[in-house]
Structures are given as structure tokens and as C-alpha cells.
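J.: Take a look and give me a structure for this.
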Amino acid sequence: MNARRQQRGVVLFIALIVLVAMSLAGVALIRGVDTANLIAGNLAFRQGATHAADWGIEQARAWLNSQSTVTLYSDQPGVTNGSGYWANMQSGLDFTGSDPNKTAFDWSTAANLGTDANGNQVQWVVHRLCDLAGDPASRNCIRSSTGGTSSGTKGGAAYGTFALAGATQIYYRITTRVVGPRNTTSYVQVVVN
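T.: Here you go, the predicted structure:
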């Protein structure tokens, strides 16, 4: 009879230990799910900001296409609430502001498209990829060429052994910055001609 009385409290003690272990496992599971949801939400905000950058790129490209060639020989202040176009590449700029060896780009001077439906503020800037402003014929510019030389075509268009004259086009770099909810910032660069 004495052995039976001593065993009655042991089952309760073991049940309490199992209950505490299950509670700790449940708390760990909830924290893991919350972290996964937070990461998924942050990725969604980042993806939304990157998609909003496409809007900025398309607006900048449309602006470029609407300008005359001579207009693009010099900087264009006042493009969509800012100075969205520079006639030289400004190669010493840091668009993200993270390189201490370069000059940080002042995004307050960029073209501002405003805020989209998801709360992303979109800005863009275009740089002509030339060393200096002015007529590109007398400047060192990055350009495309579709023709070859008289001795070979090297990928250019040809008729027999004669190279066909091709058009030369200047390249432009479009940079967009999107600042969205939860301090999401996305930068997208595209080179167009």
C-alpha cells in the first residue's frame, strides 16, 4: 500500500514537464512562422518597388524619344519636376550613396514621377554616355555602329565583300530610384540607344 501512495504524484510531475515542453515547441513554431511571413512581406515590397521602377524607365524612355537630337546636346533642367537629363555621363557619381570614394547623386534634383498606387515614390534620371555635353560628332561617346569597314564587316551588314554604311546611335543610361513602404529602396539602370 505504501508503494501505491508514492507513485500518485509522479504522473502529475511528468505530465507537467511534457506540457511545458509542448508549450515551448509551440512558441518556437509561432515565431518561425512570423519570421517567414515578415521575410515574404519584405520580398513583396521589394518586388513591388522593382516593378514601379519599370514605370520610371518607360517614362524616361518616352521623354527621350520625344526630344529632338539637338535638344539632347545640352542638359535639360525642369524635366518632370526636376533635372532629369544630363548630356554627359558624370562617371564619378554614386547613385546609391554607399561608395565613399564617389560623389553621391542628389536625388532631390531628379525627375519625380510622384507616388504610385502602392505608395512607391518613383524618380528617374537620364545621362547621355558622352564625356562632355555638345554635339556628339565632336565628343567621345559610347555609341553603337551597325556597319563594317572597307576590308571587313566584323558583324556589320555587308553586300559581298563591301561593308554597308550603318547608322551610329548614342547610348543613354536611365537610372530609376523607387522609395517605397517600410524603407524599401530599389535602383534599376537600363542602357538604351
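J.: okay, Thr115: pLDDT?
T.: Looking at Thr115, its pLDDT is 84.
J.: now it: how far from Thr184?
T.: Distance, Thr115 to Thr184, using CB to CB, to the nearest Å: 13 Å. C-beta coordinates here come from the backbone N, C-alpha and C atoms, glycine included.
J.: again with Thr176
T.: Counting by CB to CB, the gap from Thr176 to Thr184 is 14 Å.
J.: same question, Gln67
T.: For Gln67, the distance to Thr184 - CB to CB - is 31 Å.
J.: Which one of these two is surrounded by more residues?
T.: Thr184 (19 against 13; other CB atoms under 10 Å).
J.: I'd assumed Leu43 was in contact with that one.
T.: No: using CB atoms under 8 Å, Thr184 is not in contact with Leu43; the gap is 10.1 Å.
J.: low-confidence ranges in the chain?
T.: Along the chain, the parts satisfying pLDDT under 70 run over 1-8, 78-82, 145-167.
J.: mind listing the strands for it?
T.: 85-86, 93-94, 103-104, 111-115, 121-128, 143-145, 158-159, 162-163, 168-170, 172-180, 184-192 (DSSP state E).
J.: Buried ones in the fourth one, by neighbour count?
T.: Think strand 111-115. For strand 111-115, burial by neighbour count (16 or more other CB atoms under 10 Å) applies to Ala111, Asn112, Leu113.
J.: which non-adjacent residue is nearest the first one?
T.: Closest residue to Ala111 in three dimensions, ignoring its sequence neighbours and counting by CB to CB, 6 or more residues apart in numbering: Gly84, at 3.0 Å.
J.: separation between the residue lying closest to Thr176 once chain neighbours are set aside and Ser138?
T.: Among residues not flanking Thr176 along the chain, Gly56 sits closest, at 3.5 Å (CB to CB, 6+ apart). Look at Gly56 and Ser138: by CB to CB, they are 31 Å apart.
J.: Just want to know which of the two has more residues nearby.
T.: Ranked by neighbour count (other CB under 10 Å), Gly56 and Ser138 place Gly56 first, with 27 against 9.
J.: residue contacts, that one?
T.: Counting by CB atoms under 8 Å, 6 or more residues apart in numbering, Gly56 touches Leu113, Val122, Gln123, Trp124, Ile174, Thr176, Arg177, Val178, Val188.
J.: can you do 10 Å?
T.: Counting by CB atoms under 10 Å, 6 or more residues apart in numbering, Gly56 makes contact with 84, 110-113, 116, 120, 122-125, 174-178, 188, 190.
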